[in-house]
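*Asks:* Quick one: sequence plus predicted model below, questions after.
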Amino acid sequence: MRHPTDGTLRRLLDEPAGVADADREHVAGCPVCLSGLAAAQEDAELTAAALSVEFAADVDTGWRRLSRAVAAEGRAGPATAAPARRWRAALRNPVVAVFGVVILLTGAGAAAAADWLQIFRTEQITPVTAPRADLIKMPELSAFGEVEVIEDIDIRKVADAAAARKATGLSVPRVGALPRGVTGEPTYHVLGRVSGVFTFSAAKSAQTAAAAGKTAPPPPPGLDGSRFRLVAGPGLAAVWSEGRPMPALMVARAVAPTAYSAGVPFATARDYLLSLQVLPENVASQLRSFSGDGTTLPLFQSVEQLTTSTAEVGGVPATVLTSQGGTMAGVVWADGGVVTAVAGSLSADEVLSVARGLRWDR
Amino acid sequence: MARRAERKDGVVVLSPPGRGAVRADLEQVFRTSYPKVVAVAARVLGTRDEAEDVAQEVFLAFGRSSVPAGEALGWLSVAAAHTALNHLRSGRRRASREEAADGGDAACPDVADAVVTLDERRRVRAALARLPRRQAVALVLRHGGLSYAEVAAALDLSPGSVGTIVRRAESALRKELNRHAPSD
């Protein structure tokens, strides 16, 4: 008969009962196999010695620790529940809410129209960097009027790439080669469309200016009470977390933010907001340098936490973000009204390599 | 891991929406599987503190998942092996903590012995990190105390091929250790 495989010889050492009788009998009388068995035993013993540890796990102590961690997590609140609160919380978050203000500030070239008219569309992303203290001082969108949520934030997990694609209508990125240390299959999450209507209030704006020690000039005719609609999403994300709380790699795509106007010319609102002088000057000056066609989405970065650089992904300019400690990196770019981001506990080179190797399921 | 479960019943099993939902059988699974999960992580990391940290991390993720109870040990062990190997590769080892822990270890009465032990542990970890990931995972699962049938179920292999992959891994580990022996 043929010699049993190396794998069978190896199992013979650990679990002889798991090996067929015929194989056992063959090995007992075969010098070739006995020699193979001896070699396997030598390697197995060396490995066992190299990997040995001398302690026993303490189950009770471990369970108490896990119970505390589970309880602490419960107190922190579900991450994906209560979407209404999250959307409002997001608007209260200075860095996120500023997006709203800035969409108003950077959108331009719109004409007055009876219907919603698209006045801002993300075609590129440009970092705006400022000290964290300045970003925190940035006013929230609600400082200039009323914000009404139309479509709330809704993030949920889906079974697979096909489900993510079906839910969002977006093509799903496929990663060519995973970076070293990232393994397993991703989980897929989808974000529904998010939208809200912002109604400009001259009175609120005047209050905000007054709180900043400025005097608001009289608003141009028709601006008070005019409405703007902000829309973003849907989006999807593939997350490689391999049983870890912090993802090793995440690839996300979303329909980029767009703004619509239903009243006065958009430039009127923008010029008026800038005239209030409530934005930190270094932020305002970076925003003024944006092109006037309403296609540049600012990406706010605190200079203390992230460094930014530029690169190119698939012929499109991209922004590379690296955390100061170098433990995390991300790259984000906009193409055809869709924003794509690749981020993780990786180096900038690794995220760029993943970004450049992405393929799309059509 | 997730892939296996998804193939099996066509639904997502890794984690239900919302981090708040903790599975009811968590304590039962913890009490039966914790020693083996720590043992698997310890085969990679070599120290109790780090192995327990990894085990806590994977049980926390498991608590939010809907992995079938019958697949729990395999899922947890594979997650622990990958997480521990990722710690090696990303260099997020807490060397100072490890040395502090070893300094107080009565098993190493002699400073010279302790230094030798630490050095060997580093060599073993470096060698493990260089093995193909699949071999390394199978190796630490088996040496962590999982049976051939358990390793086979966890890695979606036949029990016969577990012996093959473990044998290859042991041979590769020996070569790695010899290649980087201290006398070099």
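*Replies:* Thanks, I have the structure now. Residues are numbered from 1 along each chain as shown, chains lettered A, B, ... in the order given.
*Asks:* Closest to the centroid, which residue in chain A?
*Replies:* A:Ala252 (6.1 Å; CA atoms, centre = their mean).
*Asks:* so which strand or helix has that residue?
*Replies:* strand A:249-255 (DSSP states H and E).
*Asks:* Contacts only, for residue 122.
*Replies:* Unless you meant another one, I'm taking chain A. Applying CB atoms under 8 Å, 6 or more residues apart in numbering or on different chains, we find A:Thr122 in contact with A:256-258, A:295-297, A:334, A:337, A:339. Heads up, the C-betas are built off the backbone N, CA and C, glycines and all.
*Asks:* Not quite, go with chain B.
*Replies:* No contacts exist for B:Arg122 under CB under 8 Å, 6+ apart.
*Asks:* where's it, which helix or strand?
*Replies:* helix B:111-130.
*Asks:* Specify the local secondary structure of the residue nearest to A:Ala252 when sequence neighbours are not counted.
*Replies:* Excluding its sequence neighbours, the residue lying closest to A:Ala252 (CB to CB, 6 or more residues apart in numbering or on different chains) is A:Ala237, at 3.9 Å. Assigned by DSSP: H, G, I helix; E, B strand; the rest coil, the conformation of A:Ala237 is strand.
*Asks:* and A:Ala237, how many neighbours?
*Replies:* Using other CB atoms under 10 Å in any protein chain shown, A:Ala237 has 23 neighbouring residues.
*Asks:* Look up how far chain B lies from it.
*Replies:* 14 Å (CB to the nearest CB, to the nearest Å).
*Asks:* cool, and A:Val332?
*Replies:* Taking CB to the nearest CB, one finds A:Val332 at 23 Å from chain B.
*Asks:* which regions of chain B lie under the pLDDT threshold?
*Replies:* B:1-20, B:89-118, B:182-184 (pLDDT under 70).
*Asks:* Let me see the ranges of the helices in it.
*Replies:* B:2-9, B:26-45, B:48-63, B:72-89, B:95-103, B:111-130, B:133-143, B:148-155, B:159-179 (DSSP state H).
*Asks:* And those helices: which comes nearest A:Lys214?
*Replies:* Of all the helices of chain B, the one in closest proximity to A:Lys214, counting by CB to CB, is helix B:48-63 (49.1 Å).
*Asks:* Only alpha carbons, please: show that closest one as CSV.
*Replies:* Output in CSV follows, covering the C-alpha atoms of helix B:48-63 (Å, rounded to 0.1, in the frame of the first residue of the first chain):
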residue,chain,number,x,y,z
ARG,B,48,-0.8,35.9,30.6
ASP,B,49,-1.6,39.6,30.6
GLU,B,50,-1.6,39.9,26.8
ALA,B,51,-3.4,36.6,26.3
GLU,B,52,-6.2,37.6,28.7
ASP,B,53,-6.5,41.0,27.0
VAL,B,54,-7.0,39.3,23.7
ALA,B,55,-9.5,36.8,25.2
GLN,B,56,-11.5,39.6,26.7
GLU,B,57,-11.5,41.4,23.3
VAL,B,58,-12.9,38.4,21.4
PHE,B,59,-15.5,37.5,24.1
LEU,B,60,-16.7,41.1,24.0
ALA,B,61,-17.2,40.8,20.2
PHE,B,62,-18.7,37.4,20.6
GLY,B,63,-21.2,38.8,23.2
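*Asks:* how about low-confidence regions in the stretch 251-362 of chain A?
*Replies:* A:263-267, A:290-294, A:325, A:361-362.
*Asks:* For chain B, give me its nearest residue in it.
*Replies:* For the stretch 251-362 of chain A, the residue closest to chain B is A:Ser345, as judged by CB to the nearest CB, at 6.7 Å.
*Asks:* wait, that residue sits on A:Ser323?
*Replies:* No. At 9.6 Å, A:Ser345 does not count as touching A:Ser323 under the criterion of CB atoms under 8 Å.
*Asks:* More neighbours: which of these two?
*Replies:* A:Ser345 (21 against 14).
*Asks:* residues contacting B:Asp25?
*Replies:* B:Ala69.
*Asks:* returning to what we had before: dihedrals phi and psi, the residue of the stretch 251-362 of chain A closest to chain B?
*Replies:* Dihedral pair for A:Ser345: phi -80, psi 70, per degrees, to the nearest 10.
*Asks:* of the contacts of A:Thr122, list those near chain B.
*Replies:* Among the contacts of A:Thr122, no residue is within reach of chain B (CB under 8 Å from any CB of the partner chain).
*Asks:* Please convert the buried members of those into ChimeraX selection syntax.
*Replies:* The buried residues among these can be selected in ChimeraX (16 or more other CB atoms under 10 Å in any protein chain shown) with this line:
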select /A:256,257,258,295,296,297,334,339
